[in-house]
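Q: Give me coordinates for this.
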Amino acid sequence: MRSIWNGAISFGLVSIPIKLVNATESHSISFRQIHTEDNGRIRYRKVCELEDREVSQAEIGKGYEDADGTIIPISDEDLSHLPIPTARTIEIVAFVPADRIDPLQMDAAYYLAAGGAPAAKPYTLLREALKRNNKVAIAKYALRGRERLGMLRVVGDAIAMHGLLWPDEVRAPEGVAPDVDVTVRDKELDLADALMDTLGEVELEDLHDEYREALEEVIAAKAAGETPPEAPEPAAGGKVLDLMAALEKSVRAARESRGEEPAPAEEAEEAEVRPLARGRATPKETGGKKSTATAAKKTAAKKTTPARKSTAKTTAAKTTASKTTSKSTAKTAKTASTAKTTAKKTPARKTASRKRSA
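A: Okay, here's the model as predicted:
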């Protein structure tokens, strides 16, 4: 690996010659700008505004633009004489526990390689001291025209340095969190816990950039004159969902993806994902059942009212028939038997019993 900076670690009175090496690399696929009609490259040329001509890299320097637009030239010699001790030194200023560092401050990562055989002993000393005390070193260093903050930690047998943002470069999260009062129920938290437990942990080495792989397939297909593979249909767009139902379905889907059996409660009742209404949410199925029950009650009420009237008429008819002939009595009994199917059963049976006794 090629070093991008040479200097030394200042550890009290100990100086450790080191080389700075990039610890990360980008695998992103970059594109060139082209003329769509003939695929010609589109390039940016560096042109001097005053002379209106293209200039070479050797003619380009640095300058600071003042508030009124005045350009103040700054040379490399000016920068080399800056009165800071970190021009070529990573100066350790403190040792702190690793959890004291806010991840929001983390920036680029580098490996610190020992600069030759004389650096081996002090390099190893610093590494073992950091490891035994379970701490990280906070340091200041200068790189690419500015002083920076860094954190040194042990990675395997090497010392790595993470660039840190200065505390005043990290913005406060004002206006980011929801500004409305929200109540989270214990059952919702329980389901969220179950989802977290089901998803479990993952080995970061098993994760990969699927977008880059798909893009490589497209490039390979077009280079070979073939039709690029079609993208799968995207999942249906989600509206505002019932949170409980969404959590239940998420837990079930996560367990199924891991080949686990769903919990007994999940087998018995499947959660329904539904849009949230302004008022009380009512599932379509439940509404259908209520409508059916209401219709049944109305139908029963309609049937019960005529039945009672029919029973009263039948009783009057039976009284009249008992005063006339036995033939009319038989007809009345038959009518009562028919009305019995729509009226209440118990009163109908008692009336028929009384008639037979008479």
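
Q: avg pLDDT for the helix or strand where residue 190 lies?
A: Assessed by DSSP states H and E, residue 190 sits inside helix 186-199. For helix 186-199, mean pLDDT is 87.

Q: same check, this time on stretch 207-224
A: Stretch 207-224 comes out at a mean pLDDT of 88.

Q: buried set for it?
A: Buried residues in stretch 207-224, counting neighbours by 16 or more other CB atoms under 10 Å, are absent. In short, each C-beta sits where N, CA and C put it, glycine included.

Q: And for stretch 151-160?
A: By neighbour count with 16+ other CB under 10 Å, stretch 151-160 contains the buried residues 151, 152, 153, 154, 159, 160.

Q: what does stretch 98-106 give?
A: Buried residues in stretch 98-106 (16+ other CB under 10 Å): 101, 105.

Q: thinking again about what came up before, contacts made by the helix holding residue 190 with the rest, please.
A: 243, 244, 247, 248, 250, 251, 254, 255, 258, 260 (CB atoms under 8 Å, 6 or more residues apart in numbering).

Q: Wait, a strand at residue 43?
A: No: going by DSSP: H, G, I helix; E, B strand; the rest coil, the assignment for residue 43 is coil, not a strand.

Q: right, and residue 134 touches residue 99 too?
A: No: with contact defined as CB atoms under 8 Å, residue 134 does not reach residue 99; the gap is 10.2 Å.

Q: After the helix or strand where residue 140 lies, which helix or strand is next?
A: Residue 140 belongs to strand 135-143 when assigned by DSSP H and E. Remark: after strand 135-143, the chain's next helix or strand is strand 146-155, criterion DSSP H and E.

Q: Show me what that following strand is packed up against.
A: strand 89-97, strand 106-114, helix 120-133, strand 135-143, strand 158-164 (3 or more CB pairs under 8 Å, 6 or more residues apart in numbering; DSSP states H and E).

Q: got TSV for these, with mean pLDDT too?
A: What follows is those, written out as TSV (pLDDT from 0 to 100):
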stretch	mean pLDDT
strand 89-97	93
strand 106-114	93
helix 120-133	95
strand 135-143	92
strand 158-164	95
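
Q: For my notes, please list the ones you listed in TSV and give distance to residue 13 for each entry.
A: Below are the helices and strands packed on strand 146-155 laid out as TSV (distance: least, CB to CB, whole Å):
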stretch	distance to residue 13
strand 89-97	12
strand 106-114	18
helix 120-133	11
strand 135-143	16
strand 158-164	19
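
Q: looking at these, which is closest to residue 17?
A: strand 106-114 (7.3 Å; CB to CB).
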